[in-house]
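K.L.:
Sharing a model prediction with you, sequence too.
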Amino acid sequence: MFDRAQATLVWLAVLVFVLPEPAVRGLVIAAMLSVALAATVVALLAEAAPSAPSQSAPPPAAHPGD
């Protein structure tokens with residue numbers, strides 16, 4: 001996920017320098033901020049999420065004669 005976000009940010013940065021119109025540059029910068037914010041939120045949520053539940057111990061085997 002983060003590789004794609006980074007690639008998107010790189011392409012958007014290229015567009016900022018290539019596009020001559022200031023209004024379009026503003027939209028591209030807003031898109032860059034949105035991608036960066038989304039990646040940050042995903043990273044924080046993944047960090048705060050509990051890890052996989054641990055395996056509980058199997059019940060003890062019944063002993064014959066009990």
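P.N.:
Nice, I can see it.
K.L.:
What residues of the longest helix along the chain count as buried?
P.N.:
Secondary structure of the chain read by DSSP state H shows that its longest helix is helix 22-48. By 16 or more other C-beta atoms under 10 Å, the buried positions in helix 22-48 come out as 28, 32, 35, 39. (C-beta placed from N, C-alpha, C; glycine too.)
K.L.:
just stretch 12-23 next, same as before
P.N.:
Applying 16+ other C-beta under 10 Å to stretch 12-23 flags 12, 15 as buried.
K.L.:
can you list contacts of that stretch?
P.N.:
25, 28-29, 31-32, 35 (C-beta atoms under 8 Å, 6 or more residues apart in numbering).
K.L.:
quick one: which of those residues is nearest to T8?
P.N.:
Comparing the contacts of stretch 12-23 against T8 with C-beta to C-beta places V35 closest, at 5.2 Å.
K.L.:
my guess is the closest one contacts L9, does it?
P.N.:
Yes - using C-beta atoms under 8 Å, V35 is in contact with L9, at 5.7 Å.
K.L.:
Quick check: pLDDT value at the residue positioned nearest the centre of the chain.
P.N.:
Taking C-alpha atoms, centre = their mean, the centroid of the chain lies closest to V42, which sits 3.6 Å from it. V42 carries a pLDDT score of 88 in this model.
K.L.:
re earlier: just the contacts of stretch 12-23 now: which is nearest A62?
P.N.:
For those, the minimum distance to A62 (C-beta to C-beta) is 57.7 Å, reached by V35.
K.L.:
Adding distance to L15 and pLDDT, write the contacts of stretch 12-23 out as CSV.
P.N.:
Output for the contacts of stretch 12-23, formatted as CSV (distance: C-beta to C-beta, whole Å; pLDDT from 0 to 100):
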residue, distance to L15, pLDDT
R25, 8, 89
V28, 5, 90
I29, 10, 90
A31, 9, 92
M32, 9, 92
V35, 12, 91
